[in-house]
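In: only geometry, no sequence info:
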Ligand SMILES: NC(=O)C1=CN([C@@H]2O[C@H](COP(=O)(O)OP(=O)(O)OC[C@H]3O[C@@H](n4cnc5c(N)ncnc54)[C@H](OP(=O)(O)O)[C@@H]3O)[C@@H](O)[C@H]2O)C=CC1
Ligand SMILES: CC(C)(CO)C(=O)C(=O)O
């Protein structure tokens, strides 16, 4: 697009009424994008977004306009495939769909569900948000996001998708190859999430020497499977990154800790489970990840 050409704010559909989706929807609305929600129940949805410097109350309509052209799908990894199956009849022939979740393994599920001209993207974010009640969203941690196209049809709409996601969950970095970022995030989630879920502790407690040996093993095994999957990481650099996140999010309960504490389904199958499936493809054993997977599987209503 020529720099002088004014950009039209395209309408976006955000799926669900989760914390990250409502945060993104409110930011899109504030930036002038027409936004609607695709929720399980009908009717408009009123909520308040509380961030460090502002409180905004708004009401967004529920699926008024279809077909959907631009869709943000910020749902848990285990809900992605079913959501895309439900959405497909409502999608425009050239729809652009942005996945955003922790864990991996959904892209392989979603690509076969799309038409050839429908674009697929992944946005990974370190923003933190939670809902203390149904209609309040707290933007609890300022973060950043990375965005990458996952098929050729996505590249045709890069300008529109990048601009909107910058508004929704920026600051945003567009990456030509998103996979290294997704693997790095997976490393953090594959160490912190299962350990905090198993021991029902805050992220910061993992800095105690009680967890050093387990963390070291989990990272070493992660590097082995990542290498066989074509992603090269050094144990030292990943250890540094994991320690950094433990320190920066010391006071947080991880999403998996909360899911187990509340007896909700968790993303274990898309974090540790994904690693185990990758390892099996290369006849590799991951004893530490396998052990934690088994312990958590016995506890979880997956
Ligand atoms: N919250 C955070 O700070 C962060 C979250 N993440 C990741 O982002 C993803 C989203 O997180 P979060 O917002 O907390 O997740 P939530 O599970 O709270 O929100 C997802 C929302 O989508 C809804 N939903 C799921 N499937 C459908 C469907 N088929 N149709 C309509 N609605 C649907 C859910 O409804 P229902 O509950 O009824 O299923 C829920 O309202 C997760 O993978 C999380 O790990 C990443 C970084 C930070
Ligand atoms: C980075 C971390 C571990 C922060 O809690 C997270 O992504 C999660 O809880 O799922």
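Out: Great, that's in hand. Owing to the predicted nature of the structure, the values given are computational and were not obtained by experimental measurement. Ligands and ions are numbered 1, 2, ... in the order given.

In: Name the nearest residue to residue 94, ignoring sequence neighbours.
Out: residue 117 (4.8 Å; CB to CB, 6 or more residues apart in numbering). The C-beta positions use only the backbone N, C-alpha and C, and glycine is treated the same way.

In: So the one you found is in contact with residue 153, correct?
Out: Yes - using CB atoms under 8 Å, residue 117 is in contact with residue 153, at 5.1 Å.

In: SS state for residue 27?
Out: Following DSSP: H, G, I helix; E, B strand; the rest coil, the label given to residue 27 is helix.

In: so what's it up against?
Out: Going by CB atoms under 8 Å, 6 or more residues apart in numbering, residue 27 touches 167, 168, 169.

In: repeat that with 7 Å
Out: With contacts defined as CB atoms under 7 Å, 6 or more residues apart in numbering, residue 27 is in contact with 167, 168.

In: Could you measure from it over to ligand 2?
Out: Distance, residue 27 to ligand 2, using CB to the nearest ligand atom, to the nearest Å: 19 Å.

In: related to what we said a few turns ago, could you report the pLDDT at the residue nearest to residue 94?
Out: We have a pLDDT of 98 for residue 117.

In: if I've got this straight, it is in a helix?
Out: No - using three-state DSSP, the assignment for residue 117 is coil, not a helix.

In: separation between it and residue 96?
Out: Per CB to CB, to the nearest Å, residue 117 is found 10 Å from residue 96.

In: The two: which has the busier surroundings?
Out: Remark: of residue 117 and residue 96, residue 96 carries more neighbours, 26 against 13, as counted by other CB atoms under 10 Å.

In: Helix, strand, or coil at residue 43?
Out: coil.

In: can you pull the contacts of the residue in the stretch 51-200 of the chain that ligand 2 sits nearest to?
Out: The nearest approach of the stretch 51-200 of the chain to ligand 2 comes at residue 192, 4.2 Å away (CB to the nearest ligand atom). Residues counted as contacts of residue 192 (CB under 7 Å, 6+ apart) are 203, 206, 242, 245, 246, 254.

In: Just confirm yes or no for the host helix or strand of it near ligand 1.
Out: Using DSSP states H and E, residue 192 sits in helix 179-199. No - shown here: helix 179-199 not in contact with ligand 1 (CB under 6 Å from any ligand atom), separated by at least 8.0 Å.

In: Buried residues, that helix. List them.
Out: 179-198 (16 or more other CB atoms under 10 Å).

In: One more: stretch 85-101?
Out: So stretch 85-101, judged by 16+ other CB under 10 Å, has buried residues 87, 91, 95, 96, 97, 98, 99, 100, 101.

In: same question, stretch 244-259
Out: Under 16+ other CB under 10 Å, the buried positions of stretch 244-259 are 245, 246, 249, 252, 253, 254, 255, 256, 257, 259.

In: and it, how far out from the chain's middle?
Out: 15 Å (CA atoms, centre = their mean, to the nearest Å).

In: quick one: contacts of that stretch?
Out: So stretch 244-259 is contacted by 102, 188, 192-194, 196-197, 200, 202-204, 206-207, 265-268 (CB under 7 Å, 6+ apart).

In: What average pLDDT does that stretch get?
Out: pLDDT averaged over stretch 244-259 gives 95.

In: now swap in stretch 163-183 and tell me
Out: Stretch 163-183 comes out with an average pLDDT of 98.

In: That one near ligand 2 at all?
Out: No - on the criterion CB under 6 Å from any ligand atom, stretch 163-183 is out of touch with ligand 2, staying 12.5 Å away.

In: Quick check: end-to-end length of that stretch?
Out: Using CA to CA, to the nearest Å, one end of stretch 163-183 lies 24 Å from the other.

In: next one: it to chain centre, how far?
Out: Distance, centroid of stretch 163-183 to centroid of chain: 11 Å (CA atoms, centre = their mean).

In: just stretch 213-228 next, same as before
Out: 22 Å.

In: any idea of the mean pLDDT in that stretch?
Out: 98.
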